[in-house]
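[1] Could you work out the structure for the sequence below:
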Amino acid sequence: MFVILLLMRTLVVPSLFFAPISGFIVLFLFHKMKKPKCFEKCFLTLGKHSTNIWLTHMFFYLYIFVGLVYRARFPVLILLFMLAITLLVSVVINLIHRPIFNMVKAKLLKE
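    Coordinates of the predicted model:
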């Protein structure tokens, strides 16, 4: 109840003091909350790919798939479509990155 009141206060009276506190409390409670295994697995997968998703998403909706991304028309569908595209690209990036990283790491360990 306290978190809901704090969030409502933050939404009604924007404040540089209350916003970080309410955000921290919500994230802390979400972290402590018991989640089903499938949710945890999904979050771990997204966490593993989060940097690649963050670094590539703008290229897809601004440059590469400009008309295709917004064809979904509804924000939730656009978000899910972008997430699917960037997740697939992240898998490909990791498939390319891992062998190169292991090769460089092996060379550095030899020296």
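[2] Now the longest helix along the chain: buried residues?
    If you go by DSSP state H, the chain has its longest helix at helix 75-110. Buried residues in helix 75-110, defined by neighbour count with 16 or more other Cβ atoms under 10 Å: Phe81, Met82, Ile85, Thr86, Val89, Ser90, Ile93. C-beta here means a position set from N, CA and C on the backbone, and glycine is covered the same way.
[3] do the same with stretch 41-50
    His49.
[4] in which helix or strand would I find the most centrally placed residue in the chain?
    The centroid of the chain falls nearest to Ser50 when counting by Cα atoms, centre = their mean (4.7 Å). Assigned by DSSP states H and E, Ser50 falls within helix 37-59.
[5] now the angle between helix 75-110 and that helix, please.
    Put simply, helix 37-59 runs at 90 degrees to helix 75-110, going by axes from the mean of the first three to the mean of the last three Cα atoms, to 10 degrees.
[6] quick check: mean pLDDT across the helix or strand just after helix 37-59?
    Next in sequence after helix 37-59, counting helices and strands by DSSP H and E, comes helix 66-69. The average pLDDT for helix 66-69 rounds to 79.
[7] and helix 66-69, C-alpha only, in PDB?
    In PDB, the C-alpha atoms belonging to helix 66-69 read as follows (Å, rounded to 0.1, in the frame of the first residue of the first chain):
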ATOM      1  CA  VAL A  66      11.500   2.000 -40.700                       C
ATOM      2  CA  GLY A  67       8.100   1.200 -42.100                       C
ATOM      3  CA  LEU A  68       8.000  -2.400 -41.000                       C
ATOM      4  CA  VAL A  69       8.300  -1.800 -37.300                       C
END
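[8] got the domain boundaries for this structure?
    In terms of domains, the chain is parsed into 1-33, 36-110 (source: automatic domain parsing).
[9] Low-confidence regions, this structure specifically.
    Counting by pLDDT under 70, the chain contains low-confidence residues at 1-18.
[10] Now with 90, please.
    1-35, 39-40, 43, 56-79, 81-82, 85, 105-111 (pLDDT under 90).
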